[in-house]
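[1] Next input, structure requested:
(one chain, ligands or ions: 2)
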Amino acid sequence: MQNNKKETLEKAVVREKKPASEGRSHHSRYEKIKLPQKAPSTPVKIAFLGGLNEVGKNMTLYEYNGDMFIVDCGLAFPDTEMFGVDFVIPDFTYVERNKDKIKGIIITHGHEDHIGGLAYLLKALKIPVYATRLTAGLIEGKLAEHKLDDGSVKMNVVKPGDHVKFGAFDVELIRVNHSIPDSVAFAIRSPAGLIIQTGDFKIDTTPIDGGMIDLARFAALGNEGVLCMLSDSTNAENPGFSQSESKVGESFESLFQKAGNKRLIIATFASNIHRVQQIINIAEKTGRKVVLSGRSLEHVVEVGSQLGYLNIPDGVLIGIDMIKKYTDDKLVIITTGSQGEPMSALSRMALSEHRKVEITPNDYVIISAKPIPGNEKTVYRVINELLKLGAEVIYEKMYEVHVSGHACQEELKLMLGLVKPKFFIPVHGEQKHLRRHASLAEGMGIPTKNIVISDNGYEVSITSESIAVSGTVPAGKVFVDGYGVGDVGSVVMRDRRHLGQDGLVIVTAVIDSASGEFISGPEVVSRGFVYVREAEKLINEIKECAADVMDSFSGTSDVGAVRNKIKDDISRLLYERTKRSPMVLPLIIEV
Ligand SMILES: [Zn+2]
Ligand SMILES: [Zn+2]
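    Ligands and ions are numbered 1, 2, ... in the order given. Below you'll find the model as predicted:
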């Protein structure tokens, strides 16, 4: 592990500032004095635009000798500090700056943290996209939503074993297991050496679709000699092996029995096609009809069954409007909202706001997912609301209703052991996951100096001899607010935080613009700050304060100055009285 990372970076940045020709003059100087010297090898540079020190918005940029390509372009979900932000995507500044070098983008799998930012990227940059069939199907849905399905984006469907050329790079796809079908790892070849990026993976010896991760290929590449590996760190803290997806099927079978005559409601990730398949299979066996609730779920099921990744027997799936025709014991509702997302179908059910599904004590709810770190509160809120309505709720700690899609320690070690990389960069995780993964690699005999824990905005250079953080690139968070909107400015964010914490006080008055006399007001309205009836005294003080300002400005033509003075004086007054700082909004209407 590189503990002197900062220091290395500073040195590296200084080096970066030197003229680009430095390398060559160095070389010729050696030639002049005729020392036998190997030409300095051109490094592969890997720039991280997302996915490090977070679980989300994965995006990695590879560069060799002026040729570039991108792996993944995902989104992240906002933390609770980000008011009104729907999701977060990477900052594309660095990509746009290098748009002439970028040959294309290749995608590991169809999860939102890997494809969710893609439509926004493709609006800015028309580059060819390479993805496996299901991933491509899910991406096409997004392109259509963003009106990018006009042929301006070239989609290339590829499969494990295929090679994709990006200038000097050759990228080979390798099959892996994960919680969505058609996930792949990449073997990335360039004259600098072979790099493996695992993508999100686990080792599932009994996967639902019968295709196990291609361990033999990883081993063969390992024997060929791998310069560097970038590997999934999500579960690096968890000992042992991850459970097989088939395990969830077994749990479901027994829970279907336990549910007896109750109606089943199962919340899961929309993209977990294998899990949806298992629910459908058991539903068919037990004579229940399946109802889908949630737009993303309907979309994934549609794409999945069109492309043959989901097998739905005739007559099992019914529309949500049909549920009244069946008794509870003949129904399974599969729903989105396993993360407690406020607008999701499950949340609406829990809050009795769902138009079609009303929760009763005869409901048996299974949350077939684990809260993503940070979502625990919202998930438990939904569980509590469901319990209040009398439903029985099963969630992960009670039965094995969820298995992870990410490799645990023994699997990560197995991967390290097969690939035997010279250099190692743990990716896809928070700092604690990256550090844990790094120490696993150390335990496997990779020297500390050969392991780099990188960060978003770092560029890592790798040659056959060395690995180091070699510079920084612009990287950050771009907030996406509502459908199709680009960027929520920091001012808007600040205002929302302000309003959310302290509320709003509006002071209105009417001024005669000809004479500068106030002819009405001040009136005071507050929202989210104090309830007016309970704070009459304070409201009167606000009015007096505003009236004083208006008096002192009587006859003025400078309405802006009145506005500012009212704002300042009232803010100060409110802070003195309440130690809070609501947003003060003076509305002076000129007539
Ligand atoms: Zn994933
Ligand atoms: Zn991921």
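[2] isn't there a helix covering Glu140?
    Yes: assessed by DSSP: H, G, I helix; E, B strand; the rest coil, Glu140 belongs to a helix.
[3] number of nearby residues for it?
    17 (other Cβ atoms under 10 Å). Heads up, the C-betas are built off the backbone N, CA and C, glycines and all.
[4] So for the closest residue to Pro474 other than its chain neighbours, what's the pLDDT?
    Leaving aside its chain neighbours, Pro474 sits nearest to Thr93 (4.1 Å; criterion: Cβ to Cβ, 6 or more residues apart in numbering). The predicted structure scores Thr93 at 93 on the pLDDT scale.
[5] How about Arg288?
    97.
[6] Any regions of the stretch 1-150 of the chain where pLDDT drops low?
    Of all residues in the stretch 1-150 of the chain, those with pLDDT under 70 make up the ranges 1-40, 79-85.
[7] now Leu386: how far from ligand 2?
    Leu386 is 28 Å from ligand 2, where distance means Cβ to the ion, to the nearest Å.
[8] show me the contacts for that residue.
    With contact set as Cβ atoms under 8 Å, 6 or more residues apart in numbering, Leu386 has these partners: Met349, Ala350, Ile359, Asp363, Val365, Val393.
[9] and if we set it to 7 Å?
    By Cβ atoms under 7 Å, 6 or more residues apart in numbering, Leu386 lies in contact with Ala350, Ile359, Val365, Val393.
[10] so which of those comes closest to ligand 1?
    Distance to ligand 1 across those (Cβ to the ion) is lowest for Val365, with 24.9 Å.
[11] Show the contacting residues for that closest one.
    By Cβ under 7 Å, 6+ apart, Val365 lies in contact with Ile265, Leu386, Ala391, Glu392, Val393, Ile394.
[12] Most neighbours among the contacts of Leu386, please name it.
    Ranked by the number of neighbours (other Cβ under 10 Å), those place Val365 first, at 27 neighbours.
[13] Packing partners of the helix or strand where Asn223 lies?
    Assessed by DSSP states H and E, Asn223 sits inside helix 215-224. Applying 3 or more Cβ pairs under 7 Å, 6 or more residues apart in numbering; DSSP states H and E, we find helix 215-224 packed against strand 193-197, helix 409-419.
[14] mind giving me TSV with those and columns for distance to Pro239 and mean pLDDT?
    As requested, the helices and strands packed on helix 215-224 are exported to TSV (distance: least, Cβ to Cβ, whole Å; pLDDT from 0 to 100):
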stretch	distance to Pro239	mean pLDDT
strand 193-197	24	98
helix 409-419	5	98
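[15] now these in CSV, with distance to Ile312?
    Below are the helices and strands packed on helix 215-224 laid out as CSV (distance: least, Cβ to Cβ, whole Å):
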stretch, distance to Ile312
strand 193-197, 34
helix 409-419, 31
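[16] Need the winner for burial among those.
    strand 193-197 (a mean of 23; mean count of other Cβ atoms under 10 Å).
[17] Which among the helices and strands packed on helix 215-224 is found nearest to ligand 2?
    strand 193-197 (12.2 Å).
[18] Go ahead and measure how far the helix holding Asn223 is from the middle of the chain.
    31 Å (Cα atoms, centre = their mean, to the nearest Å).
[19] same deal with stretch 235-250?
    22 Å.
[20] Enumerate every residue touching Val357.
    Val357 neighbours (Cβ under 7 Å, 6+ apart): Ser293, Ile333, Met349.
[21] so where's the longest strand in the chain?
    strand 518-527 (DSSP state E).
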